[in-house]
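> coords please:
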Amino acid sequence: MANEAVYVQAGQIINYSNASGSKIAAGSLVAFGEGVGVAACDIPNGALGSIALSGVYEMTKNAKANTYSVGAKVYWSSGNKVVTTGGKHIGWAVEASTSSDETVKVLLIPGGVTIDTT
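Presented below is the predicted three-dimensional model:
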């Protein structure tokens, strides 16, 4: 009988084939299907690169007025390339972010898979 599953890798970083039409800069958020990750290196168009699916990242807020308490859901605006209060759920705030802060520290959803926590 064949194995139902064979371990391949830990999964914190995976290969990603860039078919976006332009270079993905290291540190850019990459949305794929229902998942998200952060480019671990520059990924030229048409090339294979690495994206991180876990970790805590400091990200720019779309408006300083937006505040986040620890554990608050954080969303991504792909058009504006900033975190926001609605859109694609990407993780949770790990530190409070007040209206005087331009950024918020975000724990990416483990494995980049959206989880309904309602």
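> Would you mind listing the outside residues contacting the helix or strand where Trp92 lies?
For Trp92, the host element (DSSP states H and E) is strand 88-93. Residues outside strand 88-93 that contact it (Cβ atoms under 8 Å, 6 or more residues apart in numbering): 29, 31, 36, 68-76, 78, 83, 104-109, 114-115. C-beta: built from backbone N, CA, C; applies to glycine.
> Tell me how confident the model is about that strand, as a mean pLDDT.
In this model, strand 88-93 has an average pLDDT of 92.
> Direction included, what does it pair up with?
As defined by DSSP bridges, the strand partners of strand 88-93 come to strand 73-77 (antiparallel), strand 103-108 (antiparallel).
> Flag every buried residue along that strand.
Within strand 88-93, the residues scored as buried using 16 or more other Cβ atoms under 10 Å are 88-93.
> Could you do stretch 5-24 as well?
Neighbour-count burial for stretch 5-24 flags 13-14, 16, 18, 23-24 (criterion: 16+ other Cβ under 10 Å).
> next one: stretch 29-47
Buried residues in stretch 29-47 (16+ other Cβ under 10 Å): 29-30, 35-40, 43.
> What average pLDDT does that stretch get?
92.
> Can you pull out the residues in contact with that stretch?
So stretch 29-47 is contacted by 13-14, 16-28, 49-53, 55, 57, 59, 76, 78, 81, 88, 90, 108-109, 111-114 (Cβ under 8 Å, 6+ apart).
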